[in-house]
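Trainee: here you go, sequence then predicted model.
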Amino acid sequence: MSALAVVINGRSVELQQGATVADALELLDLPAQRGFAVAVDAEVIPRGEWQQRKLAPDDRVEIVTAIQGG
Amino acid sequence: MTENGLHAEDALVISGRALHSRLILGSGGFPRQSALVDAIAASGAELVTVAMRRVEPDAPGSLLDVLDSAGVDVLPNTAGCYTARDAVLTARLAREALGTDWIKLEVIGDERTLLPDAPELLAAAETLVDEGFVVLPYTSDDPVIARRLEDLGCAAVMPLGSPIGSGMGIRNPYNIAIICERATVPVVLDAGVGTASDAALAMELGCDAVLCASAIARAADPVAMAAAIRAAIEAGRLAAGAGRIPRRLYAEASSPDAGLADLSSSTSARGGAPSLGEPR
């Protein structure tokens, strides 16, 4: 099975074909954390859809959280 | 808006929510997270701003846990956004990440001044209000833009005193006063405060609250400055309600002329009086 190349927070990452948003978060060891959100190609993916939402080649995944600012 | 009979202890109501502190604290610029925690306690703030950025998997303890233990709520911002599109997306991400509809909307037009981009700001505000956000826009000190934001349904307007982080205070107090006089939503002075007297002036001009980050975070002693600005906001609000005297070009004596003793004498009238304190 060929790999699926996506970009997560600006870094090229290879996932398995059919990988979902949840799989991408697993890779970053994030699922246990709270307080972050995910956008795929500038579209916010609600938490409830992370398991279902499959990633496509070259998807740009942005995972953001709150930091000190403002 | 100020009216007569204000009290320092009355609540600020934004979008139906009562806040007992009129100081909103920005969390940026603190050298350490512990300094932020201490400043929150000294400031009495109930709302603390945060920015949205990419996760760093190795980042130290969660800021959200820290703010939770401090007993404050987060107010996410859209800092760093230069277009309505980016600001709207950032607001949506913040709502998803933090579970709050409140957003401090910033759409910056210029990287040196960090002044707001009014057309983009209005466009973003309109979209976010439509999407059910409680929009608190960082705006210029232009009363017309403030009115437009209010007309779009923003829950407050947050005019700048001077550029973000400049510490230049309130450069156009007359415009701030006009915004306060005409607004029917709360006015929060956002940006420019350098020290406590700037915050007091904002309140005296009629602002309902002050948002302050750099002035506290970058002070030599952030905890002491947080306490000072908190006190200044209370003092300024009391003074606004108390009603200042009009400014006059010339003096107006505060002691009456009536009943003044006649201290002249026949010798002094001729210029020959001994001066007081001269040995006899």
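Mentor: Nice, I can see it. Residues are numbered from 1 along each chain as shown, chains lettered A, B, ... in the order given.
Trainee: residue of chain A closest to chain B, please.
Mentor: A:Gly69 (2.6 Å; Cβ to the nearest Cβ). Backbone N, C-alpha and C define where each C-beta goes, glycine included.
Trainee: number of residues surrounding that residue?
Mentor: Here the number of neighbours of A:Gly69 (other Cβ atoms under 10 Å in any protein chain shown) works out to 19.
Trainee: try B:Arg32
Mentor: By the measure other Cβ under 10 Å, the count of residues near B:Arg32 is 9.
Trainee: and if you look at A:Val13?
Mentor: 17.
Trainee: name the element it belongs to?
Mentor: Counting by DSSP states H and E, the element that carries A:Val13 is strand A:11-16.
Trainee: just B:Ala224 next, same as before
Mentor: Counting by DSSP H and E, B:Ala224 is found in helix B:222-242.
Trainee: what comes up buried for that helix?
Mentor: B:222-223, B:225-241 (16 or more other Cβ atoms under 10 Å in any protein chain shown).
Trainee: got the CA positions of the lowest-mean-pLDDT helix or strand in chain A in PDB?
Mentor: The least trusted helix or strand in chain A, going by mean pLDDT, DSSP states H and E, turns out to be helix A:21-27, with a mean of 87. The C-alpha trace of helix A:21-27 is given here as PDB (Å, rounded to 0.1, in the frame of the first residue of the first chain):
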ATOM      1  CA  VAL A  21      -7.700  13.300  10.700                       C
ATOM      2  CA  ALA A  22      -7.700  11.200  13.900                       C
ATOM      3  CA  ASP A  23      -4.800   9.200  12.500                       C
ATOM      4  CA  ALA A  24      -2.800  12.300  11.800                       C
ATOM      5  CA  LEU A  25      -3.400  13.500  15.400                       C
ATOM      6  CA  GLU A  26      -2.300  10.100  16.700                       C
ATOM      7  CA  LEU A  27       1.000  10.600  14.900                       C
END
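Trainee: tell me the buried residues in that helix?
Mentor: Applying 16+ other Cβ under 10 Å to helix A:21-27 flags A:Val21, A:Ala22, A:Asp23, A:Ala24, A:Leu25 as buried.
Trainee: now the second one: closest residue in space, sequence neighbours ignored.
Mentor: Pointing back at A:Ala22 there. Excluding the flanking residues, the one nearest A:Ala22 by Cβ to Cβ, 6 or more residues apart in numbering or on different chains is A:Trp50, at 4.3 Å.
Trainee: for the one you found, grab the count of nearby residues.
Mentor: Residues lying near A:Trp50 (other Cβ under 10 Å) number 17.
Trainee: and it, how far from B:Ile245?
Mentor: Per Cβ to Cβ, to the nearest Å, A:Trp50 is found 62 Å from B:Ile245.
Trainee: all the strands of the stretch 151-280 of chain B, residue numbers only.
Mentor: Ranges of strands in the stretch 151-280 of chain B, per DSSP state E, counting those that start in this stretch, are B:158-159, B:188-190, B:209-212.
Trainee: I meant chain A, not that one.
Mentor: A:3-8, A:11-16, A:36-40, A:43-45, A:60-68 (DSSP state E).
Trainee: surely B:Thr100 touches B:Asn77?
Mentor: No - here B:Thr100 does not reach B:Asn77: they are 11.7 Å apart, not a contact under Cβ atoms under 8 Å.
Trainee: so for these two, which residue has more residues nearby?
Mentor: B:Asn77 (29 against 14).
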